[in-house]
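>>> got a sequence here, can you build the structure:
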Amino acid sequence: MFGFIWSVVRLKCPKCRKGNMFVKSSLFAIRDGHKMVEHCSCCGLKMEPEPGFYYGGMYVSYMLNVAFFMPLFLAYAIWLQPYVNAFLYFVLLVLVLLALSPYIFRLSRALYLAFFVSYDPEKNR
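Purely as a prediction, here's the structure:
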């Protein structure tokens, strides 16, 4: 289980857990940050199994955003409301969302592909 989570967080191929999923390793590559490799460099897995495959990744992205920001919202609503201005807190959350959006985009694609592709230890060699 830890290997699965670690490979998704590091944006590695779900089949061999070695090859990179994205062309550029930098999260803030403006032009090529969203481009994925066509096939894994280690095991040859096709990163886009069918056209439109990653539309489901949008739901995963939504889930990740909700999972990250709901605890922050609840912390404000329960504990921080008397001490922090609501507008400033909202602006801070939006800035954090903008800063994390490239990684959340990539993470959602990695997680979505990992749901459909199982790990093959033989490909790990």
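>>> so who does the residue nearest the centre of the chain touch?
What sits nearest the mean C-alpha location of the chain, by C-alpha atoms, centre = their mean, is L107, with 1.1 Å. Shown in contact with L107 (C-beta atoms under 8 Å, 6 or more residues apart in numbering): V8, V9, L11, L64. Every C-beta, even on glycine, is put in place using the N, C-alpha and C of the backbone.
>>> low-confidence ranges, this protein, go.
Low-confidence segments of the chain (pLDDT under 70): 123-125.
>>> what about the helices in it?
2-9, 57-75, 86-116 (DSSP state H).
>>> so how far is the second one off the chain centroid?
How far helix 57-75 lies from its chain's middle: 12 Å, per C-alpha atoms, centre = their mean, to the nearest Å.
>>> over to stretch 21-34?
Counting by C-alpha atoms, centre = their mean, stretch 21-34 comes out at 13 Å from the chain centroid.
>>> can you show me the CA trace of that stretch as CSV?
Taking C-alpha atoms only, stretch 21-34 is exported to CSV below (Å, rounded to 0.1, in the frame of the first residue of the first chain):
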residue,chain,number,x,y,z
MET,A,21,4.4,10.1,-16.3
PHE,A,22,5.1,13.7,-17.4
VAL,A,23,7.5,15.1,-19.9
LYS,A,24,8.8,17.9,-17.6
SER,A,25,9.6,17.2,-14.0
SER,A,26,9.0,20.9,-13.0
LEU,A,27,5.5,21.6,-11.7
PHE,A,28,5.6,25.1,-13.0
ALA,A,29,6.6,24.5,-16.6
ILE,A,30,4.2,26.9,-18.3
ARG,A,31,4.1,25.4,-21.8
ASP,A,32,4.7,21.7,-21.2
GLY,A,33,3.6,21.2,-17.6
HIS,A,34,0.5,19.2,-18.6
